[in-house]
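Q: How does the following fold in three dimensions:
(chains A, B, C and D)
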Amino acid sequence: MELQLSGEQKLILESAQRFTAEEYTFEKRRQSVAQGVTVNRSNWNKLAELGWFGIGVPEEVGGFNGSTIENTLIAECLGKAQALEPYTMCAVLPARILAAVLDNEAAQQAIADLISGEKLFAAAFSEPISRGDMTAIKTTASRTTEGWTLSGRKTLVVGGDVADMVLVTAKAAGAAAPEGLCLFLVDAKTAGLTTDGDRLVDWTSGVDLVFEGCKLPADALLTSGEDALALLQAALDAASVVLCAEAVGAIEGAIEATAPYIKERKQYGVTLSSFQALQHRMADMAMELVLARSAVMVALQALANAEPIERSAKVAGCKAFVTRIGKWATSQGIQLHGGYGVTEEYRVGQFYKRLLVIDALFGRQEFQLERYTDWMLSQLEGRLHGN
Amino acid sequence: MELQLSGEQKLILESAQRFTAEEYTFEKRRQSVAQGVTVNRSNWNKLAELGWFGIGVPEEVGGFNGSTIENTLIAECLGKAQALEPYTMCAVLPARILAAVLDNEAAQQAIADLISGEKLFAAAFSEPISRGDMTAIKTTASRTTEGWTLSGRKTLVVGGDVADMVLVTAKAAGAAAPEGLCLFLVDAKTAGLTTDGDRLVDWTSGVDLVFEGCKLPADALLTSGEDALALLQAALDAASVVLCAEAVGAIEGAIEATAPYIKERKQYGVTLSSFQALQHRMADMAMELVLARSAVMVALQALANAEPIERSAKVAGCKAFVTRIGKWATSQGIQLHGGYGVTEEYRVGQFYKRLLVIDALFGRQEFQLERYTDWMLSQLEGRLHGN
Amino acid sequence: MNFEPDSADQRFREEVRAFLKAELPSDMAARGRSGFLSERDDALAWQKILAKKGWSVAHWPVEYGGPRWTARQRYIFDEECYLAGAPVTNIGGIGLVGPVIYTFGSPEQKERFLPGIRDGNTFWVQGFSEPSAGSDLAALRTSAVRDGDDYIVNGQKIWTSHGKFGDWNFLLVRTDTTVKKQAGISFLLLDIKTPGVTVRPIQSLEGSHHLAEVFYDNVRVPVANRIGEENKGWDYTKFLLFNERAFYGAEAPALKRYLQKIKHLSSLERAGSEPLIRRPTFATRLAEMEIEVAAIDMTVSRVIAHGLDDRNGGAAVGSILKARGTELAQRLTDMLVEVAGDYGAYYYPDTNDEASLRNQSFAGPEYAPGLMAELVYRRAASIYGGANEVQRNIVAKMLFGF
Amino acid sequence: MNFEPDSADQRFREEVRAFLKAELPSDMAARGRSGFLSERDDALAWQKILAKKGWSVAHWPVEYGGPRWTARQRYIFDEECYLAGAPVTNIGGIGLVGPVIYTFGSPEQKERFLPGIRDGNTFWVQGFSEPSAGSDLAALRTSAVRDGDDYIVNGQKIWTSHGKFGDWNFLLVRTDTTVKKQAGISFLLLDIKTPGVTVRPIQSLEGSHHLAEVFYDNVRVPVANRIGEENKGWDYTKFLLFNERAFYGAEAPALKRYLQKIKHLSSLERAGSEPLIRRPTFATRLAEMEIEVAAIDMTVSRVIAHGLDDRNGGAAVGSILKARGTELAQRLTDMLVEVAGDYGAYYYPDTNDEASLRNQSFAGPEYAPGLMAELVYRRAASIYGGANEVQRNIVAKMLFGF
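A: Numbers count the residues shown, from 1 in each chain, chains lettered A, B, ... in the order given. This is a model prediction of the structure:
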């Protein structure tokens, strides 16, 4: 174990810090939002040019090596910069999935297109009843002579409004998950595939995808059954940690937006920062930031070393913790801004909304915490039955 | 519904305030503690003389009428005064039980002895596995030709070290609760009955009672089965609310001990009360006090009007709430006293310890909260199954 | 103290329920139950319906149209209206400026303004806060200079709720800059269509535009539209703020409606095949809040029943209820958004605000739009009306003299 | 950054475990695992065992007997000792005054005092706080007046841990009253058997007497027992306090032991027929704390691995860990007492403190004695070493310059 950043990691972090500081301004963001843009393809291509989409993907499948650690360094910067572009959900997550199914020819092409930025990928795995459990789905895939017919509705598909290709989970007709779990790669222009919804509350991309009898070729199926479950779980775990790193960036952003504000702003003839109650609030926010970053590292450690069940549990624990304290810390950024905090005219509120969205992605706090708790109890099983 | 105190209630409250202010001083308490006294019988008799043991007991069974409302007014004052005497556990609770079994001759005599202070009663209903559930017990009563043989261990028997008579729950040998639940009235001098333990952490009375083949006459059985369960539950609910009122008194006491202390005490050349963080802490403590008192009133309302299941649930909710915020508020009394707060030389810490004991009596927060939650869910049953 | 059920109150509650059932239009109720704030048309239309029954100004004296209810009845009425989804009436008029007018206004002002408020013809909006005068309201700088029978008003207000819907605006202005800040303030009533007034909506985080800035550029306000004496506006304001805190602070009915809504929706919503509310941590969290809501509601009842006293928090109880009520509302609206699962993260335009969108259909369950708006609105609630930090200062000072 | 398991650290951990298994007496370990604080005999006896192995002063330089471990190794060693129930050694000597002596002391002082500390022969107790100088330590008033080769010390100290067990006392005294308060302080070493010294134990809430007041009545301390220069004591103190906060602040090993203990006991304890830990709210609460403990532990590891930097809280991290660690310890010890059910409310005398009681049996499970002591001790932890409110002031100032 080595907790210092390596030389290469430092370079990635510094380049991400530099790039986001230069490219992402609150004014540009407001413009995009006003124009209804969720993903600016020219920005997206810049991220591709930086090589960020191949990080964490092994060289032998066309990636640039590295691990989720490097993805989190980038995501932290993007979270702090309030980037609209869905790096975690449309680059890290689909790349993780595709890299694991490379016996499939279409996937080989897809991962190259993803890393180059040529095509944009969305992952459609959640449904209204899922709430974090990706096996709780109703979308159905029926075998036909030519291939498959897909019907159902996916929710919270980040990039679903702009994607070229979509990774979709479904249940084989008549089978239950996990045995019947299927993973498809679908062209977004497939007939019968439509979107429903506008975007997410933090103005980032996210819609329903509705599949109405979509006909897919036989090789659209990338994998199925236990294999599909295992690889999806691994990919979702990795993406979940990267998302938590975004949250860390957002917490830091909220702190950095708030500290100078309360130093400047006066009430009752003195600056807000002279009030001890507000000083302590910010001290607490700073403490949460330190612990949130450590929690991400705990999860990274589990990604690197732990068996799948423990890994998923620890990732869930990280997400429960980071979203809970992150929602609190960013909400206090609003509180300390007073009325301005709840307006679109100040950037602090965007961090809070980002945390609300992060909480929803991959299943909320409650689910994550129960998942961790179940694992913790499973570790005690021997004792619980032995006495 | 009338939320103002009636004239009579005001008199009771004022007399309790006056009596406790005069009779209970911290110095006297420390003396009793040093001498190992848990219940000062002369104090106990004074409470009897004030008529407090008959309040909440109907006139027709020798009481002075009134309701649990009046008991809570008295208990609040005793809690605030840090009285060692176990009014709630050794007067209110056994009186409630005895008043409900008056077809039993021994009980008739007992309630008279209780109200006059002649004899001191303890209630032994808890065991290590009970944790709030009074049907979870192992103490066994076996029928003999002369009566009963009682064996088992009771925990947290308040007054158990000094009682003349003990109300004891047991399971009839071979039967399960609730059918087999038995309630006995036992002379404390019965052969085979011993105590184990010293006292409680707040220096009040509380020990184990160990029954080793205690032979009881046939009429020692006051009631059994569903009847026993119902009347015990009603009595425990009432006593639980009175105990919560003690907690309210303790919270108020901690606040009243702390406010002048931080006004007086200086650090860094200014009084502690000039620090906004400490001002806000005390504001929060004051808020909790107001809400705790309201929570007791919510429970009193349920005692007066609700069906048993709802009544018990709301009492449990009150206890969960009051102990949670009470532990917090009194612990902050310690925090604001600094090092002195954790010593026996200052009174503030006793309030905190009282809350720790109150939490343990009748089952802790976790149990109470789950009980309330179960009831809340049961109210939704129709909806949960209907859809 | 006793808890015998009060049959008169119960009868009154049933009367209110029957009235709501008969008179509250169902589409209006649906909009009222959504998390979006009620807008002008619904607010005024509902006020008109209430006025016909004589119930539109519950806490006003009988001489100005009040129904002579007890405090308990008013509370029951508010609660039932809220639970039924009745639109929120124009608080600026009925709750805030109305009482100021009948208490401190001239006979002409009473005659001119009170009927319009009572009958739902005029929508009033508040002009108190300024960019540099938030919690420290008395630091306001908008000026009014006497010019014959008029004042000339210049300056800016902010955080005007429903600003774009306003007919009339009550505002605080500085009429004397030479004295201590509280002593130079006057209280004016202004027709918002007066030349020189510009209303600029502010977008809130959830996307709605119910807040506004109001700019005053040489706006003429007749001296006759000043409440009471010049430079005494702060006194009237304290009266108004006390009303605001005492009557609207805890919003116990809103807390109860949130509980009801969370229970209902989390019984319907499924996590896999189980109702969401069967998740133990979810249910326990809800139970803890329900217990606290009951304690807050009882506190309100205590104040209603016997005013302020030592045992219910005394004069600090308004601040206590405001702080605790708003914080609990935040936890409850958090939970409400969580109930919506994935859809809790979706953006939905404010269909109360923009009537043109009302017939559009949106992704997700019918109840999802408005939840996020409610959550953001409750975030603001710990800021407006004196930030909760200020409320805690007040509590510490009032109760302990710190 | 990478998370490849480190085999050298793992080997070291196994070496420590093997040593503990072989050398830590089991009765001592049982006392160490109880919540009662370790007392003099166990502390010194264990120190002697460690000294024989060369492990008694883990963070001291090699020249004074340190074992040349990495920071990570020291952490592993502390953790394993703690989890095994090894007694807490004499922190006053090893952790606090020892480093001051080898850093600022004279050659004679080093020679005279360090071996006794290292080898477990001398028990040192601290004399810093005074009745009117708690968090504001520099306000201390105990005076030392020069008289030939001695100082004459008069005054009073309070909150001296293990005061009644002390052989030697290191204390801060005022040697100049005419300058600003930090500038007139000196740092003395005092044989506690010197005439004029009175130690008065203070009873803590749970009944133990491990704290004391120390009174000084014309006590003669040789000038040779002063550390460094006269009036420079504050500098040495800052050094010492930094060590205290950085090394003992979070007490992550204690947090882990609490978790372990709660899990173990709540698996054995029954609520009815079910293990206590099956209560969903109980388990969830524990899970939340376990997650936070892991984050705290990782934070400590980050500091150990690469010192202070922007990303780990910088110079404020000591205060952060102290505040958060102690608050988490409070929640955990709360839970530990809850696990004991009814017995969590029982009074148990401190059997570490009073050896005569060790063979007595007590009501309830064998693990119950000491839980309440631990809980009360953790209540004190948010007060001593700079109250947590002060730590938050420090964090706000260091990170934001408020």
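Q: secondary structure class for the one residue sitting closest to the centre of chain A?
A: Closest residue to the average C-alpha location of chain A: A:Leu243 at 3.9 Å, with Cα atoms, centre = their mean. At A:Leu243 the chain is in helix, as set by DSSP: H, G, I helix; E, B strand; the rest coil.
Q: So the residue nearest to it when sequence neighbours are not counted versus A:Gly63, what's the distance?
A: Taking Cβ to Cβ, 6 or more residues apart in numbering or on different chains as the measure, A:Leu243 lies nearest to A:Thr88, with 4.9 Å between them; neighbours along the chain are not counted. C-beta: built from backbone N, CA, C; applies to glycine. With distances taken as Cβ to Cβ, to the nearest Å, A:Thr88 is found 16 Å from A:Gly63.
Q: For the two, indicate the residue with more neighbours.
A: A direct count of neighbours by other Cβ atoms under 10 Å in any protein chain shown for A:Thr88 and A:Gly63 places A:Thr88 higher, at 26 against 20.
Q: got a list of what the more buried one touches?
A: A:Thr88 is in contact with A:71, A:75, A:239, A:242-243, A:246, counting by Cβ atoms under 8 Å, 6 or more residues apart in numbering or on different chains.
Q: same thing with C:Arg174?
A: Under the criterion of Cβ under 8 Å, 6+ apart, the neighbours of C:Arg174 are C:140-144, C:184-186.
Q: How much space separates it from C:Ser186?
A: Following Cβ to Cβ, the distance that separates C:Arg174 from C:Ser186 is 8 Å.
Q: any residues in contact with both of those two?
A: Shared contacts of C:Arg174 and C:Ser186, defined by Cβ under 8 Å, 6+ apart, are found at C:Ala144.
Q: Taking the stretch 1-150 of chain C, what residue is nearest to chain A?
A: Checking the stretch 1-150 of chain C residue by residue against chain A with Cβ to the nearest Cβ singles out C:Asp136 as nearest, at 4.4 Å.
Q: ok, that residue touching A:Tyr268?
A: Yes: C:Asp136 lies in contact with A:Tyr268 (Cβ atoms under 8 Å); the separation is 4.8 Å.
Q: want to throw the contacts of A:Thr88 into CSV with pLDDT and distance to B:Val168?
A: Putting those into CSV (pLDDT from 0 to 100; distance: Cβ to Cβ, whole Å) gives the following:
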residue, pLDDT, distance to B:Val168
A:Asn71, 98, 65
A:Ala75, 98, 63
A:Ala239, 98, 60
A:Val242, 98, 61
A:Leu243, 98, 58
A:Glu246, 98, 61
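Q: so which of the residues you listed comes closest to C:Ile262?
A: If you rank the contacts of A:Thr88 by distance to C:Ile262 using Cβ to Cβ, A:Leu243 comes first, at 25.9 Å.
Q: Can you tell me how far the closest one is from chain B?
A: Spatial separation of A:Leu243 from chain B under the definition Cβ to the nearest Cβ, to the nearest Å is 31 Å.
Q: my guess is that residue meets A:Ala360, correct?
A: No: A:Leu243 lies out of contact with A:Ala360 (Cβ under 8 Å); the separation is 10.7 Å.
Q: how is the chain carved up into domains?
A: Picked chain A for this. Chain A is divided into the following domains under automatic domain parsing: A:7-117, A:123-225, A:227-384.
Q: Correction: the question concerned chain C.
A: Chain C breaks down by automatic domain parsing into domains covering C:7-89, C:124-230, C:250-400.
Q: still on that earlier bit, which one of the domains of chain A is the most hemmed in?
A: For these, the stretch with the most neighbours on average is domain A:227-384, a mean of 23; neighbours defined as mean count of other Cβ atoms under 10 Å in any protein chain shown.
Q: Which residue ranges of chain C form helices?
A: In chain C, the helices defined using DSSP state H lie at C:7-23, C:26-33, C:40-53, C:71-84, C:91, C:98-104, C:107-118, C:233-248, C:252-268, C:280-306, C:317-339, C:371-381, C:388-400.
Q: From the chain's centroid, how far away is the shortest one?
A: Distance of helix C:91 from its chain centroid, counting by Cα atoms, centre = their mean, to the nearest Å, is 6 Å.
Q: again, but for stretch C:14-25
A: 22 Å.
Q: Low-confidence stretches in the chain?
A: Defaulting to chain A. Counting by pLDDT under 70, chain A has low-confidence residues at A:385-387.
Q: try chain C instead
A: Counting by pLDDT under 70, chain C has low-confidence residues at C:243-250.
Q: can you rerun that using 50?
A: For chain C, applying pLDDT under 50 flags no range at all.
Q: Can you tell me the closest non-neighbouring residue to the residue of chain C found nearest chain D?
A: Here chain C gets closest to chain D at one residue, C:Pro280, 3.5 Å apart by Cβ to the nearest Cβ. In this structure, C:Pro280 finds its nearest non-sequential neighbour in D:Pro280, 3.5 Å apart by Cβ to Cβ, 6+ apart.
Q: contacting residues for the one you found?
A: Shown in contact with D:Pro280 (Cβ under 8 Å, 6+ apart): A:373, B:370, C:280-281, C:284.
Q: how near is it to D:Val337?
A: For D:Pro280, the distance to D:Val337 (Cβ to Cβ) stands at 20 Å.
Q: again with A:Arg324
A: A:Arg324 sits at a distance of 25 Å from D:Val337 (criterion: Cβ to Cβ).
Q: do the same with A:Glu345
A: 50 Å.
Q: cool, A:Phe184 as well?
A: Between A:Phe184 and D:Val337 the computed distance is 54 Å (Cβ to Cβ).
Q: How many neighbouring residues does the residue nearest to C:Ile227 when sequence neighbours are not counted have?
A: With sequence-adjacent residues excluded and distances taken as Cβ to Cβ, 6+ apart, C:Ile227 is closest to C:Phe187, at 4.2 Å. For C:Phe187, the number of neighbouring residues by other Cβ under 10 Å comes to 28.
Q: Make sure C:Phe187 is actually in contact with C:Tyr236.
A: Yes: C:Phe187 lies in contact with C:Tyr236 (Cβ under 8 Å); the separation is 4.9 Å.
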